[in-house]
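*Asks:* sharing a model prediction with you, sequence too.
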Amino acid sequence: MSQEFKIAVLPGDGIGPEVMAEAMKVLDRVEEKFSVRFARTTAHVGGIAIDREGKALPDTTVELCRQSDAILFGSVGGPKWESLPPDEQPERGALLPLRKIFGLFCNLRPAIVFPALTGNSSLKPEVVEGGFDLLVVRELTGGIYFAQPKGIEGTGPERTGFDTMKYSEAEVERIARVAFEAAGKRRKKVCSIDKANVLSTSVLWREVVERVAKDYPDVELSHMYVDNAAMQLCRWPKQFDVMLCGNMFGDILSDEAAMLTGSLGMLPSASLAEGSFGLYEPSGGSAPDIAGQGIANPIAQILSAAMMLKYSFGLAEAAQAVEKAVEAVLNEGYRTADIYQGQPGEIKVDTAGMGDAIVARI
Ligand SMILES: NC(=O)c1ccc[n+]([C@@H]2O[C@H](COP(=O)([O-])OP(=O)(O)OC[C@H]3O[C@@H](n4cnc5c(N)ncnc54)[C@H](O)[C@@H]3O)[C@@H](O)[C@H]2O)c1
Ligand SMILES: CC(C)[C@H](C(=O)O)[C@@H](O)C(=O)O
Ligand SMILES: [Mg+2]
């Protein structure tokens, strides 16, 4: 009997369904090749769920996720729902609650500059030469995103919006351990990002990270202020191996790291709970500017599915086969519009063309 895994498939809005369709083809191929079965059930989330079921995260969707071994998520949001009250919008109404409900405290965002794509990077050729990869480890269920109180109060010029930045030692320790474990399997360097010259949360963050580091003597720890880190990422990203960040700093720096790779459409992510459960999604959003045209890059979604194979299902070999297929198509010159530069040897493809090329190489 082949192994079976249950996946809640939540394509969401904008380019979500377009890139998800390609990830489904990849999973079909993995089933064939590795004699596993992925029992997939699709449900609404985000704007489409508001339109069809009246709220961004329907109870039936949450229940489906509970019954599943992992969630494969597309992206949510778009101009159509921007005028709704903040808590009802797709991002705050669906994505953030999903992270909280399932305890997805650990967000892994690898940024890989493939050697074939160094010409696409926004950086100088000598900075990206030969390619590189770094891993952003972002705390995902705490910090300013979730801490209370938050809101908008008062009237007139005194009307005030406020959020609270809070981190407990336990929250910092938990995510720091993930970063050190990951670095131990990579180039053995953790750079912890904070703003300890201003923020009390960062002073605590730094203390706890220092303490945790003592348990990982083979991993080198450094600290960097977030503003400097944003600059260093553009100046010389090869200095980084694992970047350990709180929720908001990790959000910002992971988008920046994505662009070093050539396109946000290349950057996958895993959001993990304790144990094997996880939600896997591209780091980018629903890309309303290109939705419906069939030109979105499906690689972030496909590599997110590969992360699911590895982290939630323990199918490391299958995950590697998918990653190798992505690298192969890039080496052969296949490019969606976002990474196409009109160079000799490049083959321009649409979303489905990229998906098919990857499937054919698994
Ligand atoms: N996880 C999520 O669901 C998620 C993440 C980020 C933003 N959003 C939401 O998405 C909507 C749009 O946000 P935004 O425009 O700031 O960010 P975005 O990530 O959707 O798009 C930023 C830019 O990157 C490009 N891009 C992103 N993914 C791409 C892909 N796969 N292929 C080619 N190009 C790609 C877009 O075309 C756009 O030019 C907003 O409602 C936002 O809140 C959702
Ligand atoms: C859409 C938004 C809530 C989300 C975040 O800020 O976490 C997104 O930007 C991300 O990076 O996944
Ligand atoms: Mg973001």
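*Replies:* Looks like it arrived, so ask away. Ligands and ions are numbered 1, 2, ... in the order given.
*Asks:* tell me which residue of the protein is furthest from the middle?
*Replies:* Centroid-distance maximum for the chain: residue 156 at 39.1 Å, with C-alpha atoms, centre = their mean.
*Asks:* flag every residue of the stretch 251-362 of the chain that's near ligand 1.
*Replies:* Within the stretch 251-362 of the chain, the positions adjacent to ligand 1 are 263-265, 281, 284-290, 296-297, 300, 338 by C-beta under 6 Å from any ligand atom. Backbone N, C-alpha and C define where each C-beta goes, glycine included.
*Asks:* most widely separated two among the residues you listed?
*Replies:* 281 and 289 (18.9 Å; C-beta to C-beta).
*Asks:* please say which of the two ends up with more neighbours.
*Replies:* Higher neighbour count among residue 281 and residue 289: residue 281, with 28 against 9, using other C-beta atoms under 10 Å.
*Asks:* ok, and the closest non-adjacent residue to that one?
*Replies:* Counting by C-beta to C-beta, 6 or more residues apart in numbering, residue 281 lies nearest to residue 73, which is 3.9 Å off, once chain neighbours are set aside.
*Asks:* and that neighbour, how close does it get to residue 144?
*Replies:* As for residue 73, its distance to residue 144 is 22 Å (criterion: C-beta to C-beta, to the nearest Å).
*Asks:* so which of those two has more stuff around it?
*Replies:* Neighbours were counted for residue 73 and for residue 144 using other C-beta under 10 Å; residue 73 has more, 27 against 17.
*Asks:* which ones are touching the more buried one?
*Replies:* 10, 12, 45, 95, 98, 279, 280, 281, 304 (C-beta atoms under 8 Å, 6 or more residues apart in numbering).
*Asks:* residue 131 too?
*Replies:* 112, 113, 114, 115, 117, 118.
*Asks:* you'd agree the first one is up against residue 133?
*Replies:* Spelled out, that is residue 112. Yes - here residue 112 reaches residue 133: they are 4.2 Å apart, a contact under C-beta atoms under 8 Å.
*Asks:* of these two, who's got more company?
*Replies:* Between residue 112 and residue 133, counting by other C-beta under 10 Å, residue 112 is the more crowded of the two (21 against 17).
*Asks:* which ones are touching that one?
*Replies:* 131, 132, 133, 261, 266.
*Asks:* do residue 311 as well
*Replies:* Residue 311 touches 108, 270, 272, 276, 278, counting by C-beta under 8 Å, 6+ apart.
*Asks:* hmm, try it at 10 Å
*Replies:* Counting by C-beta atoms under 10 Å, 6 or more residues apart in numbering, residue 311 makes contact with 70, 106, 108, 270, 271, 272, 276, 277, 278, 280, 319.
*Asks:* before we move on, what about residue 136?
*Replies:* So residue 136 contacts 107-111, 179, 193, 233, 240, 242-245, 249-251, 253-258, 267, 269, 283 (C-beta under 10 Å, 6+ apart).
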